[in-house]
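K.L.:
Any chance you can model this:
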Amino acid sequence: MRRGRGVKTLQESRQNRTWLRAFLFLLALVIALPVQLRTATAQEPAPRRNIFDMLFGGPRYERYERYEPYEPRPRRRYQRDGSVIEMRPRPRNRGTAGRAAPPRPQQQAITPPAPEPVAKLENAKQVLVVGDFMAGGVGSELENTFAMSPGVVISERSDGSSGLVRQDHFDWPGQLPVMLDELKPTVVVVMLGANDRQQMSIGSGKEKFRTDAWFKEYEARVAGLAGIVAARKVPLLWVGLPSFQSPSMTSDAVTLNAIYRNQVEKAGGEFVDIWDGFVDEDGKFVITGSDVNGQQVRLRGSDGITFTKAGKQKLAFYVEKFVRRYLGEMASPDLVKLDGTNLPPLVTLPAAPGQAVPVHPISLSDPELDGGKDLLGAGPLPTVMVETPRDKLVKRGELAPPPAGRIDDYRIPAAGAATR
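P.N.:
This is a model prediction of the structure:
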């Protein structure tokens with residue numbers, strides 16, 4: 001009996017261990033399973049935490065309450081006969097319910113219209129601007145500068161790809177005299193050289209850039225072009241090259257500017273140096289710099305060669321100062337043309353209603369036309385000079401007696417004088 005009881009106890013112990021292992025396996029499996037989280041939205045409530053979450057620290061869910069749009073319920077009204085009438089409630093904001101808000105008008109920046117250019121005078125002075133693509137920017141901005149000056153006309157005759165090297169493309173020594181004869185300018189502005197960094201045809205051969213023969217021939221061509229303008233006794237303004245983003249182009253620009261300055265000054269012209277306007281304090285190329293108003297703007301294009309709108313304005317600003325010296329009063333925007341078509345009528349006061357007497361100018365050299373023979377001041381001065389009250393006060397300290405009855409009249413009236 002004892003042996004059988006011991007065997008039974010051992011079997012029960014093994015069964016209990018088996019059930020314990022199964023329970024622990026199931027518990028570990030439940031814990032290891034990923035908990036699927038449902039997205040908590042305003043339309044779907046968050047899932048509740050189960051017992052495993054509370055025992056073993058499961059994830060916490062944020063609860064979002066579901067809000068339904070408020071819709072007022074219809075009211076019921078009972079009649080005496082037992083019938084029911086549903087009454088719809090009125091909207092809270094009468095006149096705005098169900099109506100979309102009008103779109104807000106977008107404010108657009110109002111730019112004032114540009115003033116129309118004034119009519120030019122027949123005797124307006126011509127300013128001829130010639131050269132390559134940089135000269136074209138100078139000419140266009142000078143046109144805007146003198147648009148309101150009736151006495152100045154800017155004539156821009158540029159070719160973007162031209163220069164002094166490729167005369168087969170555009171022959172400036174041959175075309176410039178034709179322009180001078182046609183326009184008869186007061187001043188000539190030249191800007192060339194940005195396209196000249198290439199080999200040059202000299203006679204039957206070709207010379208590479210930067211050689212001694214190349215520079216010698218280039219100096220002769222610059223002197224020849226400047227001499228064409230100087231031979232006609234017309235002021236010449238030669239605009240120098242600016243700095244470039246490429247260090248080699250900047251170095252070549254310095255060399256070419258030295259040639260321009262030397263040859264133009266020999267011919268009696270002026271060299272317009274613009275270098276400092278497009279470099280920094282250390283003399284290095286800048287893309288962004290100060291404009292004509294001192295504001296920081298972009299001056300050069302992304303290629304490091306061309307100019308932006310602000311850069312062209314600054315370029316023309318340097319040239320404008322030289323041009324105005326030769327234009328004089330004609331550059332003033334207040335200059336008008338006075339002739340018989342725009343003079344106001346000169347009339348005197350009418351002698352009778354509806355009748356006017358025209359007035360003719362009288363020559364100062366013929367005074368008899370106005371009924372007199374002498375001009376004002378031609379007669380002798382009066383011999384007897386009457387002292388003014390000021391002279392009496394300053395010289396002798398005498399004051400004129402005040403009028404009788406005035407507040408500063410301190411004289412005692414005579415005895416028996418009638419008083420008012």
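K.L.:
where do the helices sit along this protein?
P.N.:
Using DSSP state H, the helices assigned to the chain run over residues 2-32, 51-56, 133-145, 172-183, 212-231, 247-266, 309-327, 389-396.
K.L.:
can you count the residues close to Asp132?
P.N.:
Residues within reach of Asp132, counting by other C-beta atoms under 10 Å, total 22. Placement of C-beta: from N, CA and C, glycine included.
K.L.:
before we move on, what about Asn257?
P.N.:
Neighbours of Asn257 (other C-beta under 10 Å): 20.
K.L.:
For it, list the residues it contacts.
P.N.:
Applying C-beta atoms under 8 Å, 6 or more residues apart in numbering to Asn257 gives the contacts 240-241, 271, 273, 275.
K.L.:
Apply 10 Å and report the result again.
P.N.:
193, 238-242, 271, 273-275 (C-beta atoms under 10 Å, 6 or more residues apart in numbering).
K.L.:
how much space between it and Trp172?
P.N.:
From Asn257 over to Trp172 the distance is 18 Å, taken as C-beta to C-beta, to the nearest Å.
K.L.:
now, which of the contacts of Asn257 lie within strands?
P.N.:
238-239, 271 (DSSP state E).
K.L.:
could you redo those residues as a markdown table and give each row neighbour count?
P.N.:
Putting these into a markdown table (neighbours: other C-beta atoms under 10 Å) gives the following:
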| residue | neighbour count |
| --- | --- |
| Trp238 | 26 |
| Val239 | 27 |
| Phe271 | 18 |
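K.L.:
Local confidence estimate at Pro185?
P.N.:
pLDDT, Pro185: 95.
K.L.:
Can you get me a residue count around it?
P.N.:
23.
K.L.:
Pretty sure Glu156 is one of the things it touches, is it not?
P.N.:
No: between Pro185 and Glu156 there is no contact under C-beta atoms under 10 Å: 11.6 Å.
K.L.:
shared neighbours of those two, which are they?
P.N.:
Common neighbours of Pro185 and Glu156 (criterion: C-beta under 10 Å, 6+ apart): 127-130.
K.L.:
Domain map for this structure?
P.N.:
Per automatic domain parsing, the domain ranges recorded for the chain read 8-56, 125-329.
K.L.:
Out of those, which is the most enclosed?
P.N.:
Burial of these is given as mean neighbour count (mean count of other C-beta atoms under 10 Å); domain 125-329 ranks first at a mean of 17.
K.L.:
That one: end-to-end distance?
P.N.:
End-to-end distance of domain 125-329 (C-alpha to C-alpha, to the nearest Å): 11 Å.
K.L.:
same deal with stretch 388-401?
P.N.:
Span of stretch 388-401 from end to end, C-alpha to C-alpha: 13 Å.
K.L.:
That's all I had, so thanks and see you.
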